[in-house]
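Engineer: how would this look folded up:
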Amino acid sequence: MGNTQSNNYSLQIAPLGAALSCEAVASNNFADVSTTVGSAISVISTTSNFTDQLATTNQLSTSYTFNSGNMVKNPSTQTNALSLSLNYSTEVEFNIKFTSNALSNTAYCLRSAKSGIALSNYSAVGTVTTGTISGSGPTMSQLMRHGKWFNGTSKQAFTF
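Structural biologist: As a prediction, this is how the structure comes out:
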């Protein structure tokens, strides 16, 4: 693998606001998703569905050679160091939940970052729109399962 780079990947979130797309949201509007609620829109949460830092498997079709990534849940906020070379791809998964600081019926943008620092280019940034948020949060049918967003039984678009 020539020109290999080893990085820890984290997840960042920002409100779409007045921007026309998530790719157009100013970089300084994004904040790292952490494990502390405070004023955070979302947090990395716990789950019994997988072990923190478990290796991912290739779920997306690409023409690149796949290199396993990590699944991240609380207490971690980023992946272990992942080594990638030119023409290699990886997949990382984060177990997150919205907090009471998230607004109902609001679009939010999610992107990956290298240890909290924006990547040099984003061809696509994920978008998720909250529904009506009650004190109990989303229902069990409004979750990300196996790296895909669902609302009931309908798969929702979500890409980086």
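Engineer: just the buried residues of stretch 118-127, please?
Structural biologist: 122, 125-127 (16 or more other C-beta atoms under 10 Å). The C-beta positions use only the backbone N, C-alpha and C, and glycine is treated the same way.
Engineer: let me fix that, I meant to ask about stretch 44-60.
Structural biologist: For stretch 44-60, a neighbour-count test (16+ other C-beta under 10 Å) marks 44, 52, 56 as buried.
Engineer: quick check: helices, which of those are part of them?
Structural biologist: Using DSSP state H, no member of the buried residues of stretch 44-60 sits in helices.
Engineer: can you lay out those residues as JSON lines showing distance to S89?
Structural biologist: Below are the buried residues of stretch 44-60 laid out as JSON lines (distance: C-beta to C-beta, whole Å):
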{"residue": "I44", "distance to S89": "23"}
{"residue": "D52", "distance to S89": "22"}
{"residue": "T56", "distance to S89": "11"}
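Engineer: closest one to I13 out of the residues you listed, please.
Structural biologist: Using C-beta to C-beta, I44 comes nearest to I13 of these, at 10.9 Å.
Engineer: ok, so of the buried residues of stretch 44-60, who is nearest T77?
Structural biologist: Proximity of the buried residues of stretch 44-60 to T77 (C-beta to C-beta) peaks at I44, which lies at 5.6 Å.
Engineer: isn't that closest one right up against Q78?
Structural biologist: No. Using C-beta atoms under 8 Å, I44 makes no contact with Q78, being 9.2 Å away.
Engineer: show me the shaky parts of this structure.
Structural biologist: Where the chain drops to pLDDT under 70, the residues are 1-2, 133-160.
Engineer: again, 90 this time
Structural biologist: Scanning the chain for pLDDT under 90 picks out 1-6, 59-63, 84-89, 100, 104, 115-116, 119-124, 130-160.
Engineer: now for I44 and Q78: what residues contact both?
Structural biologist: Counting by C-beta atoms under 8 Å, 6 or more residues apart in numbering, the shared contacts of I44 and Q78 are V72.
Engineer: which outside residues touch stretch 116-125?
Structural biologist: With C-beta under 8 Å, 6+ apart as the criterion, stretch 116-125 contacts 10, 12, 21-23, 25, 27, 30, 32, 78, 109-113, 159-160.
Engineer: from N121, how far out is the closest residue to S89 other than its chain neighbours?
Structural biologist: With C-beta to C-beta, 6 or more residues apart in numbering as the criterion, S89 has its nearest non-adjacent residue at 4.0 Å, and that residue is Y64. Distance of Y64 to N121, computed by C-beta to C-beta, to the nearest Å: 16 Å.
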